[in-house]
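Student: fold the following, please.
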Amino acid sequence: MGYTGDVSPGGPSDVRELEGLTIRKCSVGTMDNNVYLLTCTATDEQLLIDAADDNERIGELVREGSGRLHAVVTTHQHWDHHRALRAVVEATHATTYAGGPDAPELPVAVDETVENGDVISFGAVDLSVVRLTGHTPGSVALAWAEPGGRVHLFTGDSLFPGGPGKTNSPQDFTQLMDDLESRVFAVFDDDTWVYPGHGADTTLGAERPSVPEWRERGW
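Tutor: Residues are numbered from 1 along each chain as shown. Now for the predicted structure:
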């Protein structure tokens, strides 16, 4: 398919062409944050996931698509995922979305707060919101299903290759694992493609056998 998901700060975008949706991935900033641009192929409307840093690079990414940005979703409140959010919103007037508990911590007023089961639509594309509490109180993932059925899941810092995102207490870890097991692994098939907030992509099938080990180790 050509797409690998391997990107680095200052490097080119990786592009994945799907039926109904084009996904562009780039990395920005000193913490190697992934930024995803989703373009509806039917309408050219675009949605950005995590305006993490480097407004100029994000502007280039938007222009690699249709050149117009309609919405920005921030997956969670941590500073490294929204350093460019204010600049991007001021330049594009895009509608902003975030999980309810995290929205007050962002540097812009959030237009729409979302919870588990909500749908964010742009063009002909519908993204299902999956609330994953634990890494932060209001972390969200976004799921999109191809016409053929395969799901593409953007997980922010809640799920990576090798385990869940960092938590600050045993209670937070348990909550995140509970949400991952009940709202992700119990719902989506093994061929679900996972796009995390940092680093390489993975699939649920690659991660599923390790879930009991994650529980046992506690991180």
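Student: so where's the chain uncertain?
Tutor: Within the chain, the segments meeting pLDDT under 70 span 1.
Student: that one: helices as residue ranges?
Tutor: Shown for the chain, the helices assigned by DSSP state H span residues 55-64, 85-92, 170-179, 204-207, 211-217.
Student: what is the burial count for residue 203?
Tutor: For residue 203, the number of neighbouring residues by other CB atoms under 10 Å comes to 17. Bear in mind the C-beta positions are built from the backbone N, C-alpha and C, glycine included.
Student: who does it form a beta bridge with?
Tutor: With beta bridges defined as DSSP bridges, residue 203 has these partners: residue 193.
Student: mind putting the helices of the chain in TSV, mean neighbour count included?
Tutor: Formatted as TSV, those follow (neighbours: other CB atoms under 10 Å):
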stretch	mean neighbour count
helix 55-64	17
helix 85-92	18
helix 170-179	17
helix 204-207	18
helix 211-217	12
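Student: Serialize those to TSV and add fields for distance to residue 164.
Tutor: Listed next are those as TSV, based on distance: least, CB to CB, whole Å:
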stretch	distance to residue 164
helix 55-64	27
helix 85-92	24
helix 170-179	5
helix 204-207	10
helix 211-217	6
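Student: and the ones you listed: which comes nearest residue 153?
Tutor: Nearest to residue 153 among the helices of the chain is helix 204-207; the distance by CB to CB comes to 7.7 Å.
Student: I'd like the distance from that closest one to the chain centre, please.
Tutor: 17 Å (CA atoms, centre = their mean, to the nearest Å).
Student: contacts for it, please.
Tutor: Surrounding helix 204-207, the residues in contact under the criterion CB atoms under 8 Å, 6 or more residues apart in numbering are 153, 159, 161-163, 184-185, 188-192, 194.
Student: dump that helix to CSV, restricted to CA.
Tutor: Output of helix 204-207 as CSV, limited to C-alpha atoms (Å, rounded to 0.1, in the frame of the first residue of the first chain):
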residue,chain,number,x,y,z
LEU,A,204,-5.0,-4.4,17.6
GLY,A,205,-4.1,-7.9,16.6
ALA,A,206,-0.4,-7.2,17.3
GLU,A,207,-1.3,-5.8,20.8
